[in-house]
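Colleague: Quick one: sequence and predicted model below, then my questions.
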Amino acid sequence: MRHPIRPRLSRAALAAPLLAAALLAGCATRPPASEPEELAEYRQNNDPAEPTNRRLFAVHQAIDKYALRPVAVGYRDAVPQPVRTGVRNVLGNLRTPVILANDMLQGEPRRAGDTLGRFVINSTLGVAGIFDVAERWFGVRGHSEDYGQTLARWGVGEGPYLFIPVLGPSNPRDLVGFGLGIVSDPLSWFGQGVVVDALVYGRGGITVVDTRESLINTIDDVNRTSLDPYSTLRSAYRQRRAAEISNSGEVGPAAATSTGFGVGTGMDQERR
Amino acid sequence: MYQLDRRALLGAALFLTAAGFAGPALAQADIGRASNFIQTTGQELVAAVNDKTRDVSARRQRVSAVLRRAVDVDGVGRFILGRWWRQASPQEQQDYLKLFEETLIRNLSARFGEYQGVRFSLGRTQQRTEDDVLVNTVIERPNTAPFSLDWRVAEIGGQPKIVDVIAEGTSLRLTQRSEYSSVIQRNNGSVAALLTAMRGQIQQLAQREQAR
């Protein structure tokens, strides 16, 4: 009897150890206990997969240099500032369901109220979210929340640092949060068909361009002035993420500007 | 004997209470001192950056004079080199401190263009932590939204000095420590490799400045 499944299984069985070997080859060696300072730094960096991460970072830098950044710069040069601000506001408004859900999951009624209020005001007075009326007229600033932050508040550890090409710095917990955000976003459920698919992918694409455009100066700065951009990004990202999770002060980027991936406009915001 | 003990106890209690009341008052004085210091330093820096009557290198000299007075360059430099400080030779240590100061000033002066017309103001919250004061400022540039910058001010040798700058939750000295340590580690623990990289960076910045 022919068993068509068996050949596929054996190929998979062969792939698994190869994959494991590849991953192991990309693991950093843990310093011995006889070097306490080195060990402390290793733990602090929390980056056991550093060689693999660095390779992925190199891939990302190439993609960024030849695809992402030119598109973002072109977008910035071709599209006038007010339109870009409008696009950013609309994208932020569309993120409201996820932000609201996470505000509530974290037990923050005041922030949830802010989010809901902003959504209502901006969607009506702000013409479908194009104008951030809630902040300009009512002084209610937006904030961003995502499932990664909620998981952190619930006590889930971050796991090792990971660098994902295009998505950027992350860790297992935040990746799960990212996935949850996509899956749970009600705006991706409505309807089927070509038009809906186009809208969903279009929104994803515009989000990528918008986010990259907001980061042009920051990332250029890092690439230009850092002696080791990989570790600068790792350190800055982890600190920023920790501050975001604790909702301390004004650190959280405005809802309109964050992808909920710990990436926001940061210091680089456009004219109001 | 019995009376002496009671008086001593009462005196100790009064002293402790007074110290307890003095605690918050001292913290307030520290915050006030640090805020004033940041206000003055910030205004000097802004004046130096916005001074259009001089060329870039003259402005850079002025900024570097302000920074040398206001920033604890040696302390911050040693913190950033971290555990590699002890593994560096005395000559390397001296070289490093000089190079560190130079990179600090050149990186700042490379930004003069984008900081033209900058204004700053003290923010709303200042906090006292264990060793230092965190002073919050808001930086405004034309055509960009304002952002907040926190300055960590510590008392070094009786003078307030800046020991850290925190931008949106990211401490610059922590980030740079990670960066330098990474460079040294990837060069098999050679501090000299870091010094070479720093020299290269200074040269690049100097060339770019002249090209402008």
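Modeller: Yep, that arrived.
Colleague: low-scoring stretches of chain B, by residue?
Modeller: Scanning chain B for pLDDT under 70 picks out B:1-4, B:8-27, B:124-125, B:212.
Colleague: what's the burial count for the residue in it positioned nearest to chain A?
Modeller: Nearest residue of chain B to chain A: B:Gly169, at 2.8 Å (CB to the nearest CB). C-beta: built from backbone N, CA, C; applies to glycine. Per other CB atoms under 10 Å in any protein chain shown, the neighbour tally for B:Gly169 reads 21.
Colleague: Once you drop chain neighbours, what's closest to it?
Modeller: The shortest distance from B:Gly169 to any non-neighbouring residue, by CB to CB, 6 or more residues apart in numbering or on different chains, is to A:Ala243 (2.8 Å).
Colleague: returning to that earlier point: for the residue of chain B closest to chain A, give me phi and psi.
Modeller: When read as degrees, to the nearest 10, the backbone of B:Gly169 gives phi 80, psi -10.
Colleague: Tell me if I'm right that A:Leu56 and A:Gly168 touch.
Modeller: No: contact status for A:Leu56 versus A:Gly168: not in contact, 10.4 Å apart, counting by CB atoms under 8 Å.
Colleague: between the two, who's got more neighbours?
Modeller: Per other CB under 10 Å, whichever of A:Leu56 and A:Gly168 has more neighbours is A:Gly168, with 21 against 17.
Colleague: Bridged to that one, which residues?
Modeller: Counting by DSSP bridges, A:Gly168 is bridged to A:Ile164.
Colleague: Tell me the residues of the stretch 51-200 of chain A that contact chain B?
Modeller: Contact residues, the stretch 51-200 of chain A versus chain B (CB under 8 Å from any CB of the partner chain): none.
Colleague: Report how many residues lie close to the residue of the stretch 51-200 of chain A at minimum distance from chain B.
Modeller: Here the residue of the stretch 51-200 of chain A nearest chain B is A:Gln81; by CB to the nearest CB that distance is 8.7 Å. Neighbours of A:Gln81 under the rule other CB under 10 Å: 12.
Colleague: Share the number of residues neighbouring the closest residue in space to A:Pro31 that isn't next to it in sequence, please.
Modeller: Sequence neighbours aside, A:Glu38 is the residue nearest to A:Pro31 in space, at 4.0 Å (criterion: CB to CB, 6+ apart). When counting by other CB under 10 Å, one arrives at 17 neighbours for A:Glu38.
Colleague: For chain B, which residues are neighbours of chain A?
Modeller: Within reach of chain A by CB under 8 Å from any CB, chain B has these residues: B:82-83, B:107, B:110, B:114, B:125, B:143-145, B:147-148, B:167-171, B:174-183, B:186, B:194, B:197-198, B:201.
Colleague: Cross the residues you listed against strands and list the overlap.
Modeller: Using DSSP state E, the subset of those located in strands is B:125, B:147-148, B:167, B:170-171.
Colleague: between those residues, which is closest to A:Gly148?
Modeller: Using CB to CB, B:Thr170 is the member of these that lies nearest A:Gly148, at 17.7 Å.
Colleague: Report the mean confidence score over the helix or strand where A:Thr232 lies.
Modeller: Using DSSP states H and E, A:Thr232 falls within helix A:229-245. For helix A:229-245, mean pLDDT is 92.
Colleague: Pull the distance from it to the chain's centre.
Modeller: Mean-position distance between helix A:229-245 and its chain equals 12 Å (CA atoms, centre = their mean, to the nearest Å).
Colleague: and what of stretch B:33-47?
Modeller: What separates the centre of stretch B:33-47 from the centre of its chain is 12 Å, taken as CA atoms, centre = their mean.
Colleague: Correct me if wrong: B:Asp74 contacts B:Leu97.
Modeller: Yes: contact criterion CB under 8 Å: B:Asp74 and B:Leu97 qualify, at 5.9 Å.
Colleague: ok, the two, which is more surrounded?
Modeller: Taking neighbours as other CB under 10 Å, B:Asp74 and B:Leu97 compare with B:Leu97 leading, 16 against 13.
Colleague: quick one: the more buried one from B:Ile156, how far?
Modeller: Distance of B:Leu97 to B:Ile156, given as CB to CB, to the nearest Å: 15 Å.
Colleague: Tell me if B:Gly123 really is in a strand.
Modeller: Yes: with DSSP: H, G, I helix; E, B strand; the rest coil as the criterion, B:Gly123 is part of a strand.
Colleague: from what I can see, B:Arg54 looks like it's in a helix, true?
Modeller: No: counting by three-state DSSP, one finds B:Arg54 to be coil, located in no helix.
Colleague: B:Arg68: how many residues sit nearby?
Modeller: When counting by other CB under 10 Å, one arrives at 12 neighbours for B:Arg68.
Colleague: wait, I meant A:Ala78
Modeller: Neighbours around A:Ala78, by other CB under 10 Å: 9.
Colleague: Which parts of the chain are helices?
Modeller: Using chain A. Counting by DSSP state H, chain A has helices at residues A:5-25, A:36-45, A:50-63, A:69-78, A:81-94, A:96-105, A:109-124, A:133-138, A:147-153, A:172-184, A:194-214, A:216-225, A:229-245.
Colleague: My question was about chain B, not that one.
Modeller: B:2-50, B:56-70, B:73-81, B:90-109, B:172-186, B:191-211.
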